[in-house]
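> show me the folded form of this:
(one chain, ligands or ions: 1)
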Amino acid sequence: MHARALGPERLRDAVADAAGATNDKNLLCAEIQFVHLPAILFLHCLTSLEIGASLVNPAVHDSFSEYSMSDSRQFSRSVAGLIVLVTGAAGGMGRATARVFAAEGAKVAVTDFSAEGAQAVAAEIVAKGEAAKAWTLDVANRDDVNAVVNDIAAHFGGLDIVVNNAGISVRVAIDDDGYDEAWAKGLAVMLTAHPRVIRAALPYLRKSKCPRIVNIASTEALGATALHSPYSAAKAGVVGLTRSLAVELGRDGITVNCICPGPISTGMTARISDEHKAIYARRRTALGRYGDPEEVAHMTLSLCLPAASFLTGAIIPVDGGLMARNA
Ligand SMILES: NC(=O)c1ccc[n+]([C@@H]2O[C@H](COP(=O)([O-])OP(=O)(O)OC[C@H]3O[C@@H](n4cnc5c(N)ncnc54)[C@H](O)[C@@H]3O)[C@@H](O)[C@H]2O)c1
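Residues are numbered from 1 along each chain as shown. Here you go, the predicted model:
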């Protein structure tokens, strides 16, 4: 009988029986064997993978334990010298992210749909004696994405970190005449663009000592507001993309994480009056206020530290407690 046909308790018992298991190590081996793989393939995989060696060969496992008990690995908390590409970096969270990374000694590729905006942000960073250069990049344009990513890597001599941040506000009713257009635009900029940028960056990330991808989604991926269905769908897609790529790229040592900002004071929320912002924030967030773009940028920085090497596939709200609050 296939494992899926069994209930959870019977499956656990069957797995334990198959192992004759008296300890966790045997149980894990048996679970992999019983649920996922025919026996021969299973043994072949175990002997060819390091983790397998530690499972079948207690000596390998024990020597690893000894190492981790007696030694303390040193991890850097510096991004100095790393090369960072930020999309949508002319304003809001993208600009804050570019500035925060540059202040920490990273070399920043400031990219945006707005050529003037990107140049202004790069210029203000360079004026402080830090490293940045501007590129005009519409993330919805596949040819632009490939050309600009290659040019950035050629200019700085590689690429370590990608921050997929560019976004637009999309407010449309499901029965609006312009719905199809709003859907296509919203998904092109806030979902389809992300794998395009990542695919273009991948050859460089694979050569990096600290390869990191951070995708900026939204709390609209976790809950929803009426009249924002293309936006919510795009952001929920980014959450799924993040998890899937974290699994797919994990063996390359590339971490992929996602931030879900809550209400943040940027160009995107500028049309909301201060009064309405205050009412919303008091009602909805635990901290009772809108966030500043730098508060998101610092979480992005944290996810990109060399020391953040075991954090991947995480979906992190930076929302002043909006998702935590019930009433
Ligand atoms: N502000 C918020 O409250 C909030 C909340 C949750 C999520 N977000 C998300 O955070 C990200 C940053 O938003 P923000 O609030 O800083 O907005 P913003 O409007 O201040 O900045 C967005 C930037 O993206 C750029 N951009 C737009 N379309 C582009 C394209 N096709 N190609 C390249 N660049 C493009 C804009 O020129 C702008 O500089 C977005 O993905 C947004 O959806 C914002």
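> give the contact list for the residue nearest to the spatial centre of the chain.
Centroid-nearest residue in the chain, with CA atoms, centre = their mean: residue 257, separated by 2.4 Å. The neighbours of residue 257, taking CB atoms under 8 Å, 6 or more residues apart in numbering as the test, are 212-215, 242, 246, 303, 311-316. Yep, even glycine has a C-beta here, placed from its N, CA and C like the rest.
> change it to 10 Å
Residue 257 sits next to 212-215, 242-243, 246, 299-300, 302-304, 308, 311-316 when contact means CB atoms under 10 Å, 6 or more residues apart in numbering.
> repeat that for residue 202.
149, 159, 162, 195, 211, 213, 245, 249, 252, 254.
> any idea which element the fourth one lies in?
With secondary structure defined by DSSP states H and E, residue 195 is part of helix 193-205.
> now do whichever helix or strand comes after that helix against helix 193-205, angle only.
Next helix or strand after helix 193-205 toward the C-terminus (DSSP H and E): strand 212-216. With axes from the mean of the first three to the mean of the last three CA atoms, to 10 degrees defining the directions, strand 212-216 sits at 170 degrees from helix 193-205.
> SS state for the residue nearest to the centre of the chain?
strand (DSSP: H, G, I helix; E, B strand; the rest coil).
> and it, bridged to which residues?
residue 214 (DSSP bridges).
> hang on, the earlier thing: so is the helix holding residue 195 next to the ligand?
No - applying CB under 6 Å from any ligand atom, one finds helix 193-205 separated from the ligand by no less than 7.0 Å.
> state the mean pLDDT of that helix.
Confidence over helix 193-205 (mean pLDDT, whole number) is 98.
> also stretch 168-188?
pLDDT averaged over stretch 168-188 gives 98.
> likewise for stretch 310-319?
98.
> list the buried residues for that stretch?
311, 312, 315, 316, 317, 318, 319 (16 or more other CB atoms under 10 Å).
> what is the end-to-end distance of that stretch?
23 Å (CA to CA, to the nearest Å).
> how far off centre is that stretch?
Mean-position distance between stretch 310-319 and its chain equals 7 Å (CA atoms, centre = their mean, to the nearest Å).
> are that stretch and the ligand in contact anywhere?
No - using CB under 6 Å from any ligand atom, stretch 310-319 never reaches the ligand; the gap is at least 8.2 Å.
> what's the distance between residue 130 and residue 80?
Residue 130 sits 11 Å away from residue 80, taking CB to CB, to the nearest Å as the criterion.
> likewise for residue 201?
From residue 201 to residue 80 the distance is 20 Å (CB to CB).
> repeat that for residue 92.
In terms of CB to CB, residue 92 sits 25 Å off from residue 80.
> of these two, who's got more company?
residue 92 (22 against 11; other CB atoms under 10 Å).
> which residues are in contact with the nearest residue to that one once chain neighbours are set aside?
Computed as CB to CB, 6 or more residues apart in numbering, the closest residue to residue 92 that is not its neighbour in sequence is residue 266, at 3.1 Å. By CB under 10 Å, 6+ apart, the contact set of residue 266 is 91, 92, 93, 94, 95, 96, 167, 290, 291, 292, 293, 296.
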